[in-house]
Structure formats: C-alpha cells, structure tokens
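J.: let me see the structure of the following:
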Amino acid sequence: MIGNRFMRWASPLAMVAFAAGAGVTSAQTAPAKPAAPQSSATKKAAPAKPAAPAPPALEPKAIDILKASSSRLAAARTMSFTAEVTYESPSRQGPPVAYTTLSLVTVQRPDKLKVITIGDGPASEFYYNGKQMMAYVPGDNLLAVADAPPTIDAALEAAYNSAAIYFPFTDVVVADPYKDLASDLQLAYYVGQSKVVGGVTTDMVCYIAHGTFVQAWIGAEDKLPRSMRAIYLDDPERLRHRLDLTNWKIDGEVPSDAFAPAAAANAKRIEFAHPNPPKPPAAKAKPSKSK
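T.: The predicted model follows:
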C-alpha cells in the first residue's frame, strides 16, 4: 500500500516513461507481422514533434502555498504548538538510528518565546521575554541568563551564536518565514494533497533552499504547516530529518508569567555560553638560546 500511495504522486514524466516501457515490452512479445510495402510518400521521415517545455523551477502554485502559510504564521499575535523532531544519526554498525525530541512551543509576537523540551534526552527549557533569554535545566536546577535583542528573530540568532542553541522549527516562528526562504529558493513544485497528516487535508510541496531538500505538508484550509521532511544535499549519507507540528492554537490567551521559569529564584546560575567552546591555540615554544 505504501508503494501504491507514493506512485499516485509520481511525476507525470515518470508515469509516461513507465507507460512507454510497458508498451515496448508488449510489442516485443507480440508475434511479428509482415512488413507492409512502403510508398514513396511513407519513406519520408515524419517531422519531429517539438519538445515539451520544461516545467518552471518555481511553480506558481507551490509559491502561492508557501506564501499563504508564511502570511498565516506572520499574522498570528500569539501561537502555540507541539513540535516532534525525528532525526537520523549513523550507528556504530553503519545504518542510521532515529532520535526524537518533543517540545511545547509558545510564541507572542514580537518579542516573547517559550520552548519546553520534555523528551527524549534531558528536559530543557528556553525563555525569551524581549530583554533577556534564559536556558533552564530542571533536572540539575541550572539556569543561564543573558541579555537579548528586542525581537524573536534576533534573539534566536544570538542564542545560536553564543550558546549553540538551535530549534528545528525556527523557520515557523520568525517574523517572515517566506522572506528567509526566498533568499535562496532554487526549486519549488506542487505534489498533491494528503488526508493522513495532522488529521486535516494538506497540500504537499517540495522545495530546495539553503542546501536542503524539503517536503512540506501544509493545511489546505488553515495554511498551517503540519509536517516537514528534510535532507541536506551535501550529506553523502542522505540522513532524514522530520518535523511534525500538532496541537496548533492561534491567537489564544497567554499568561503574563509564561516567559520565565517558575524555579528561577532558587536555581543555580551558570554562564550562558557555548557548550563546547573552541580551545585556545597552543602557545608556541620559545626557541632556546644557544650558548
């Protein structure tokens, strides 16, 4: 059934090639017929048919879907969702194994963000309130605090540069998702519709941007992203990364104290810094003086 489902969304060119191949096989197994005498008129080769124009690299329908989703997200005053991230990593034996994280995300534009990651691995919490960003590890009761820029976009960039904090759903919470995507959008095309992702009818779009091939499932009615499957094109192992977005709530009420850890007062403070800072260059030995 899986193979049949994906065959439905095969490109028209692939289906034409398959049909042509089947026709050749049937002709080869059919009994041979005597050749009909050729007249002088039939000896002339038929004029070649013009080749079908290549599809555009950026299909208008795919672009419209991506823009509509971006506008829906950008217009939200507040939003919350659950992000389940599954990514592959090579095992010691070679074949990849999958790891999963589950995060509860709350956004209040333009300057508030909360990410509560509850599994797998150690639980962690990230808060941004427009002035500070805080990373909290409840299992060890450790809290790191740093001054932050005044927007979500700038704070996410600062968190990555200073402490290697990155969220796979960053493209969903930035101020203008399509603007970031369009800066290096090389390919985009519409695949078809699905009714099995997120419990709603979704439009499937594939695109290439920033060295990544992405297949996205976007709600046909509400324009909210439901799932994304990505492969980095420079990855020789073609490891797969998947992001599933559920439990969407748009423009709901958010408590005023939502963007700070409740245990902040009693937490042990640590430096907001990169977990693996670069090692300082080794000091060069001074040449010994010859006597």
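J.: rest of the way, CA atoms for contacts and neighbours
T.: Will do.
J.: can you give me the first-to-last residue distance of stretch 238-258?
T.: Stretch 238-258 has an end-to-end distance of 39 Å (criterion: Cα to Cα, to the nearest Å).
J.: what's the neighbour count on residue 252?
T.: 12 (other Cα atoms under 10 Å).
J.: quick one: it is in a strand?
T.: No: counting by DSSP: H, G, I helix; E, B strand; the rest coil, residue 252 is not part of a strand but coil.
J.: could you shift the numbering so residue one becomes 39, and keep it that way?
T.: New numbering, starting at 39: the last item is residue 290.
J.: surely it and residue 117 touch.
T.: Yes: with contact defined as Cα atoms under 8 Å, residue 290 reaches residue 117; the gap is 6.8 Å.
J.: is the closest residue to residue 277 other than its chain neighbours in a helix, a strand, or coil?
T.: Of all residues not flanking residue 277 in the chain, residue 126 sits nearest, at 5.6 Å (Cα to Cα, 6 or more residues apart in numbering). Classification of residue 126 by three-state DSSP places it in strand.
J.: my guess is residue 126 contacts residue 278. True?
T.: Yes: using Cα under 8 Å, residue 126 makes contact with residue 278 at a distance of 5.7 Å.
J.: could you pull out the strands for the stretch 139-288 of the chain?
T.: 150-157, 162-166, 170-175, 180-185, 223-232, 240-247, 250-257, 263-270, 278-288 (DSSP state E, counting those that start in this stretch).
J.: TSV please, covering those strands and showing mean pLDDT and mean neighbour count.
T.: Shown next, in TSV, are the strands of the stretch 139-288 of the chain (pLDDT from 0 to 100; neighbours: other Cα atoms under 10 Å):
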stretch	mean pLDDT	mean neighbour count
strand 150-157	94	20
strand 162-166	97	22
strand 170-175	96	22
strand 180-185	96	18
strand 223-232	97	18
strand 240-247	98	22
strand 250-257	98	22
strand 263-270	97	21
strand 278-288	97	18
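J.: quick one: which of these is nearest residue 216?
T.: Evaluated over the strands of the stretch 139-288 of the chain, closeness to residue 216 peaks at strand 223-232, with 9.6 Å, by Cα to Cα.
J.: could you say what helices and strands the closest one packs with?
T.: helix 98-113, strand 240-247 (3 or more Cα pairs under 8 Å, 6 or more residues apart in numbering; DSSP states H and E).
J.: and of these, who's closest to residue 300?
T.: Among these, helix 98-113 sits nearest to residue 300 (Cα to Cα), with 28.2 Å.
J.: just the angle between the closest one and strand 240-247, please?
T.: 100 degrees (axes from the mean of the first three to the mean of the last three Cα atoms, to 10 degrees).
J.: buried ones in helix 98-113?
T.: In terms of neighbour count (16 or more other Cα atoms under 10 Å), helix 98-113 has its buried residues at 100, 101, 103, 104, 105, 106, 107, 108, 109, 110, 111, 112.
J.: what's in contact with that helix?
T.: 210-216, 226-228, 241, 243-244, 256, 260-263 (Cα atoms under 8 Å, 6 or more residues apart in numbering).
J.: wait, isn't residue 219 in contact with residue 247?
T.: Yes: judged on Cα under 8 Å, residue 219 makes contact with residue 247 at a distance of 6.6 Å.
J.: kindly state the pLDDT recorded for the closest residue to residue 160 other than its chain neighbours?
T.: Distance criterion Cα to Cα, 6+ apart; nearest residue to residue 160, sequence neighbours excluded, is residue 177 at 7.3 Å. What the model reports as pLDDT for residue 177 is 92.
J.: hang on, the earlier thing: dump the buried residues of helix 98-113 into CSV; add pLDDT and distance to residue 152 as well.
T.: Putting these into CSV (pLDDT from 0 to 100; distance: Cα to Cα, whole Å) gives the following:
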residue, pLDDT, distance to residue 152
100, 98, 31
101, 98, 30
103, 98, 27
104, 98, 25
105, 98, 25
106, 98, 25
107, 98, 22
108, 97, 20
109, 98, 22
110, 98, 20
111, 98, 16
112, 97, 17
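J.: so where is this protein shaky, pLDDT-wise?
T.: 39-91, 315-329 (pLDDT under 70).
J.: list the buried residues in stretch 191-198.
T.: So stretch 191-198, judged by 16+ other Cα under 10 Å, has buried residues 191, 193, 194, 195, 196, 197.
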